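Peer 1: Whatever this is, show me its structure:
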Amino acid sequence: MKTTIVLLFITLVVAIACVPCYSEYQEATDDDRTFEGKVMAVNVAQSTLTVNDTVDIVFPISADTKLTQDINDIKLSDIEVGDYVSVSYVRSGDDSRVPAKVKNVVLEYDDSKERK
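Peer 2: Next up, the predicted model:
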């Protein structure tokens with residue numbers, strides 16, 4: 001009887017410990033996209049970031065958008081024209097070049113570029 005109670009308790013503890021992990025997980029959908037390229041424009045006033053690989057895409061940056069460089073959080077104003085970024089976003093409709101929501105932007109530098 002004691003063994004059964006101990007096993008039930010351990011099972012309950014493990015189940016409760018896994019709930020936060022599961023709730024933070026966001027499953028990828030067919031509408032999830034990643035775009036990498038050179039920053040062509042940064043508009044802090046309108047909260048947009050224009051990135052080019054073979055075509056310019058204007059990404060709307062919201063308060064929910066996570067902006068990072070390495071493991072550090074950054075602001076939109078930290079990104080400069082000429083920087084290279086990777087943008088994860090959800091597309092709007094059937095056109096993968098029309099972002100509905102930007103999830104995160106990872107800033108990557110060109111090795112030849114000096115930063116302030």
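Peer 1: quick one: contacts for the residue lying closest to Asp73 once chain neighbours are set aside?
Peer 2: On the basis of CB to CB, 6 or more residues apart in numbering, the spatially nearest residue to Asp73 that is not a chain neighbour turns out to be Leu67, at 6.6 Å. (Glycine included, C-beta is placed from N, CA and C.) Contacts were defined as CB atoms under 8 Å, 6 or more residues apart in numbering; by that measure Leu67 touches 61, 73-76, 78-79, 104-105, 107.
Peer 1: out of those residues, who has the most neighbours?
Peer 2: Neighbours were tallied for each of these (criterion: other CB atoms under 10 Å), and the maximum of 24 neighbours falls on Val105.
Peer 1: Name the helix or strand for that one, please.
Peer 2: Under the assignment given by DSSP states H and E, the secondary-structure element containing Val105 is strand 95-108.
Peer 1: And the contacts of that strand?
Peer 2: Residues lying outside strand 95-108 but in contact with it, judged by CB under 8 Å, 6+ apart, are 31-33, 49, 55, 57-62, 64-69, 74, 78-79, 83-92.
Peer 1: ok, back up a step: same question for the residue nearest to Asp73, what's its three-state structure.
Peer 2: For Leu67, the assignment made with DSSP: H, G, I helix; E, B strand; the rest coil gives strand.
Peer 1: Tell me how far it lies from Val55.
Peer 2: Distance, Leu67 to Val55, using CB to CB, to the nearest Å: 22 Å.
Peer 1: hang on, Thr3 in a helix?
Peer 2: Yes - the secondary structure assignment for Thr3 places it in a helix, going by three-state DSSP.
Peer 1: pretty sure Leu76 is touching Thr50, no?
Peer 2: No - the criterion here is CB atoms under 8 Å, and Leu76 misses it with Thr50 at 12.0 Å.
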